[in-house]
Each structure stands twice: as C-alpha cells, then as structure tokens.
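Enquirer: fold the following.
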Amino acid sequence: MIAPALYSLTRAARNTVVQIQKAVRRHLTASVEDGKYVLVPRDGASKSPPVKTTMKFPSVWLRDNCYCEKCFHQSSKSRRIDWDYFDTEVLALDVQFDTVTEQVVIKWSDQHTSTYDLKWLSEREFSDERRQKYLNSFYRPKPKHWAGQQLKEIMETFQYQDVMRSDDALRRWLETLAVRGVAIIEDAPLEQTVVRQLADRVGFIRRTTYGEEFIVQAKPGAKNYAYLSDPLPLHTDLPYYEYKPSVNILHCLVQSQSEGGSNLLVDGFHIADRLQAEHPADYRILTETLVDWNDIGSEDGRSFHNIWRAPVICLDSDGNYTRINHSIPQRDSHFSVPLSTVLPWYRAYAKFVRLARCDAFAFKTKPGDVLTFNNIRLLHGRTGYDDSEQNVRYIVGAYLDWDIIYSKLRVLKSAQPGSGGGCDAAE
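Expert: Residues are numbered from 1 along each chain as shown. Predicted coordinates for the structure are as follows:
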C-alpha cells in the first residue's frame with residue numbers, strides 16, 4: 001500500500017511533468033508565410049543538443065488534401081473536392097496549433113476550415129530526407145545491383161510453407177525480390193499447382209499468350225525457343241509486350257541428371273551500370289534507340305503476332321532503370337530506325353551482350369525449388385542438356401506483375417506495428 005504522503009508527492013511529480021510537457025508543446029506554434037505556405041515546427045527537444053526545424057507546406061496542397069467529410073470520401077479513401085470550383089490561389093488566413101490533440105487547424109480564404117494531424121503532416125512533408133525515405137522504402141524499395149560472382153552471397157532462400165502461412169515470410173520474400181531481384185523458395189510440393197498457389201498468395205497470376213501456367217520442357221516441334229533442350233541464351237521474357245510480365249515463378253518438378261540444364265542469371269541493371277561507366281557512348285545508344293521486338297506463333301489453337309518497340313535499356317524521367325529488353329531470338333527483322341543508327345547500335349549491343357555473358361552465374365535448381373526473379377531486370381538462360389525418356393527436365397512456370405506485388409507489399413508493411421508508411425485513413 002502506498003502511503004498518502006508518498007502518493008501525493010508522486011501525483012505532484014506527475015503533475016509537474018505534465019506542466020513541463022505542456023510548456024514545451026506551447027512552443028509548437030504554426031504560422032503562415034504570405035498566405036501561400038504554412039509553417040509547422042517539428043519538435044526536436046528530445047535531441048541532443050535540442051534542435052527545432054520547420055516543416056513547410058504549400059497552402060494549395062494542404063487545401064487540396066483536406067480530409068474532412070466534405071472533402072474526402074472516407075470509405076473509398078478518395079478525394080471528393082470538385083475541381084471545377086477549386087481555387088488554386090487559395091490562401092491560409094489563420095493557422096492554429098492544438099497542443100492537446102497535436103493538430104493544425106487552418107481557416108481558408110474560400111471560407112473552409114481544415115484540421116490536420118501532426119503525424120499525418122510529418123509523413124508527407126516535403127524535405128528531401130522524408131521524400132527519399134518514402135520513395136525508397138514504402139513506395140518501391142530501392143534496388144541493389146550485384147555482379148555475377150556476388151549471387152551466392154545475396155541469394156536468399158525461403159521455405160514454401162513459411163511463405164504460404166506467414167505474412168512476415170511473405171513480406172520478406174517480396175521485399176527481397178524488389179531489392180535484389182531474385183530469391184529461391186525451397187521444399188515446395190512436387191505438384192503443378194504450386195506456382196498458382198504462390199501467385200494467389202500475392203494476388204493473382206498474369207496471363208499471356210502462353211496461358212497462365214506454362215510448362216518448360218523439351219517438346220517435339222517446339223513453337224517457343226525455350227521449349228528446346230539446346231542452350232538457351234540469356235534473355236528477358238516477352239520483350240514484345242508493352243506491359244511486360246514482371247516476375248517469373250519457375251517451379252522445378254524434375255531436373256535433368258545430365259551435366260546441363262543449369263540456370264543462368266545476370267543482373268541487367270549491373271550490366272547497364274558497367275556499360276555506362278566503361279562505354280558511355282554505347283550506353284546512350286542503348287537507352288535511346290528503339291528496337292522492334294516480336295513474337296509470332298500460336299498456342300492452344302490461337303494465333304498471335306506481338307510487337308513492341310523499346311530500347312534495350314529503358315529509363316524513367318529521373319534516369320533510373322525501369323526495364324531491360326534483351327532477347328536475340330525475339331528481335332524483329334524490321335528495325336524501324338534511321339539507316340545511320342544501325343551500325344552504331346550493333347556495336348553497342350554487342351558490348352552489352354558480351355558483358356552479360358561474362359557475368360552470368362550458373363547454378364542448378366533441384367526438385368521442389370521455386371526460382372523467382374525480376375523479369376524486367378534480370379537476364380536468364382539455361383545451359384543445354386541431354387533429353388530422353390530416361391533423362392527429362394520439367395519446369396512449371398507462371399508470372400506475377402509488379403503492380404500486384406508492390407500493392408501486397410505495402411499492405412503487409414502497413415500492418416506492421418509502427419510502420420510509419422503513411423497509409424492511414426486519409427491516404
């Protein structure tokens with residue numbers, strides 16, 4: 001039992017702490033700069049030495065992102081502001097900081113009042129540090145490139161049952177795919193349904209002209225170069241698709257007992273890095289010259305003729321790699337470029353191919369292994385093998401799309417305690 005005097009002292013001490021906290025909070029006052037910006041100090045009193053920095057938000061952005069019931073549809077998590085009447089010159093007339101609820105309250109020139117949680121604002125501030133953290137972790141994890149000799153070091157393995165039953169294992173697998181571009185799932189059942197079960201665990205399977213699941217084995221009269229027992233040169237799958245399937249899932253059910261049949265993998269982004277550093281003129285050619293990729297054939301009675309034009313190395317507006325296209329069998333005889341660009345392109349492409357071939361790492365999956373890798377980044381191939389009734393190789397494959405993978409990954413991250421991903425009700 002606590003003595004009354006001691007309890008009073010304890011209560012008094014608690015009250016003192018509360019008063020100190022309130023005194024500190026009073027320094028957190030928001031202000032307006034020319035009506036066009038709202039300044040919200042970030043409390044740095046807990047740091048040593050104590051520091052205070054200011055978060056700066058454009059007024060028009062804040063007004064556009066008001067998440068009151070009138071401006072934001074809560075159940076669909078969608079903005080409902082009518083932009084036919086939205087004032088892009090709106091001004092913040094008055095800003096108040098509620099120290100108890102830690103909310104910023106703003107009165108606008110359009111007669112509206114908005115309330116923002118300090119945590120919500122902190123997750124969306126415009127500082128370089130915060131933006132990079134969001135883009136490189138929550139939006140899309142930043143890839144880490146690797147050379148062929150590093151594959152053993154960076155290759156992570158996961159247990160099939162763990163991925164199927166544990167959200168943590170699922171998240172780690174998908175994050176590994178996003179960052180390293182490759183992972184192996186071990187001890188999967190020797191059943192043809194495994195690739196579909198993995199796809200369903202993430203979202204849903206991607207259908208192509210070759211169906212949903214596909215079988216990779218030597219076939220008489222093969223209509224796809226992969227369905228031969230000959231050496232399969234390094235390539236990316238389906239470069240002739242504008243929206244190319246993103247991730248390969250290859251489940252080994254039976255492995256060839258001959259010396260061949262080994263998988264070959266190369267990080268295409270690493271090869272692009274090397275080309276840019278060692279042969280910058282050739283790098284520029286492979287990022288700018290459009291190549292005609294095509295696929296003509298039939299599958300299950302359906303004829304197709306796919307064509308897409310894109311460079312070997314595709315970049316976004318920031319100069320980051322978005323996609324590698326490479327498949328010697330799948331290049332069209334049509335090369336729809338000016339005559340003067342043809343010879344320089346061949347010289348540049350030959351350097352890319354040689355660098356990739358020298359960097360390829362060979363390994364052999366065993367029955368029950370599921371090789372998963374990023375098809376818009378990695379080049380893959382296979383060494384030739386002897387095929388007979390007594391010595392076969394049987395792989396079941398399927399594709400996933402990155403949109404579906406990233407979506408699942410964000411859901412899993414947001415479910416983690418203290419994720420800080422910003423996926424709250426007003427996202």
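Enquirer: all contacts plus neighbour counts: C-alpha atoms, from now on.
Expert: Noted.
Enquirer: and the protein, what are its domains?
Expert: Split into domains by automatic domain parsing, the chain comes to 4-126, 139-414.
Enquirer: format the ones you listed as TSV; extra columns: mean pLDDT.
Expert: Formatted as TSV, these follow (pLDDT from 0 to 100):
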stretch	mean pLDDT
domain 4-126	80
domain 139-414	93
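Enquirer: and those, which is most packed in?
Expert: By mean neighbour count, with neighbours taken as mean count of other CA atoms under 10 Å, domain 139-414 ranks first of the domains of the chain at a mean of 18.
Enquirer: for that one, measure first residue to last.
Expert: End-to-end distance for domain 139-414, by CA to CA, to the nearest Å: 12 Å.
Enquirer: follow-up on the earlier one: let's have the domains of the chain in a markdown table, adding distance to Lys133.
Expert: Shown next, in a markdown table, are the domains of the chain (distance: least, CA to CA, whole Å):
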| stretch | distance to Lys133 |
| --- | --- |
| domain 4-126 | 10 |
| domain 139-414 | 9 |
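Enquirer: and Leu198, how far is that from Ala350?
Expert: From Leu198 to Ala350 the distance is 37 Å (CA to CA).
Enquirer: whoops, Arg206 was the one
Expert: Distance from Arg206 to Ala350, by CA to CA: 32 Å.
Enquirer: likewise for Asp87?
Expert: In terms of CA to CA, Asp87 sits 55 Å off from Ala350.
Enquirer: can you pull out the helices in the stretch 51-200 of the chain?
Expert: With DSSP state H, counting those that start in this stretch as the criterion, the stretch 51-200 of the chain has helices at 59-64, 118-122, 128-133, 151-154, 160-165, 167-179, 194-202.
Enquirer: got the angle for the last one vs helix 167-179?
Expert: Inter-element angle recorded for helix 194-202 and helix 167-179: 100 degrees (by axes from the mean of the first three to the mean of the last three CA atoms, to 10 degrees).
Enquirer: partners of the following helix or strand past helix 194-202 in the sheet?
Expert: Sequence-wise, the next helix or strand downstream of helix 194-202 (DSSP states H and E) is strand 214-216. Partner strands and pairing direction for strand 214-216 (DSSP bridges) are strand 394-400 (antiparallel).
Enquirer: show me what the helix or strand following the strand it pairs with is packed against.
Expert: Next in sequence after strand 394-400, counting helices and strands by DSSP H and E, comes helix 402-414. The contact analysis (3 or more CA pairs under 8 Å, 6 or more residues apart in numbering; DSSP states H and E) places helix 402-414 against helix 167-179, helix 194-202.
Enquirer: got these as CSV, with distance to Asp387 columns?
Expert: CSV is the format used below for those (distance: least, CA to CA, whole Å):
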stretch, distance to Asp387
helix 167-179, 32
helix 194-202, 24
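Enquirer: which of the helices of the stretch 51-200 of the chain sits closest to Ser31?
Expert: helix 59-64 (11.4 Å; CA to CA).
Enquirer: phi and psi next, for the residue most central in space within the chain.
Expert: The centroid of the chain falls nearest to Arg140 when counting by CA atoms, centre = their mean (3.8 Å). Note on Arg140: backbone dihedrals following degrees, to the nearest 10 are phi -150, psi 120.
Enquirer: for Val195, see how far away Ile215 is.
Expert: 11 Å.
Enquirer: find residues that contact each of the two.
Expert: Common neighbours of Ile215 and Val195 (criterion: CA atoms under 8 Å, 6 or more residues apart in numbering): Val396, Gly397.
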